[in-house]
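In: quick one, structure for this:
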Amino acid sequence: MPSDSQTNVVAADALTLLLHNQHALGAIEEIAKWLSENGVESVADNAVAAMATLDTNAKAITDAIMRLRQY
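Out: Residues are numbered from 1 along each chain as shown. Model prediction:
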């Protein structure tokens, strides 16, 4: 059984990834609004990059949650 310290690190890692996702969502919202007002293609690339962050973190978040559930 892992120590409380190890459990805290896993929980903190998962929460940090969730925070990054929240920041990415905020950026997507701003970009989507701007795109709807201006229709600039280069800004769409930023939205895609922010969404890639969400995709990347989704598996790590799931893995961290599963690790937490094992403890």
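In: which residue is nearest the centroid of this protein?
Out: Centroid-nearest residue in the chain, with Cα atoms, centre = their mean: residue 21, separated by 2.5 Å.
In: tell me the contacts of that residue?
Out: 53, 54, 57, 58, 61 (Cβ atoms under 8 Å, 6 or more residues apart in numbering). For glycine as for every other residue, the C-beta is placed from the backbone atoms N, C-alpha and C.
In: all helices of this structure, in order?
Out: Listed in chain order, the helices of the chain (DSSP state H) span 4-38, 41-70.
In: for the residue nearest to the centre of the chain, give its distance to residue 13.
Out: Per Cβ to Cβ, to the nearest Å, residue 21 is found 13 Å from residue 13.
In: mean pLDDT added to the helices of the chain, as CSV?
Out: As requested, the helices of the chain are exported to CSV (pLDDT from 0 to 100):
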stretch, mean pLDDT
helix 4-38, 86
helix 41-70, 84
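In: need the pLDDT of the nearest residue to residue 7 once chain neighbours are set aside.
Out: The spatial neighbour of residue 7 that comes closest, neighbours along the chain excluded (Cβ to Cβ, 6 or more residues apart in numbering), is residue 71 at 5.2 Å. At residue 71, the pLDDT value in this model is 71.
In: now residue 39: phi and psi?
Out: Backbone torsions of residue 39, given as degrees, to the nearest 10, read phi 60, psi 40.
In: that one and residue 6: what is the separation?
Out: Using Cβ to Cβ, residue 39 is found at 49 Å from residue 6.
In: please identify which of the two sits among more neighbours.
Out: Comparing residue 39 with residue 6 by neighbour count (other Cβ atoms under 10 Å), the higher total belongs to residue 6, at 12 against 9.
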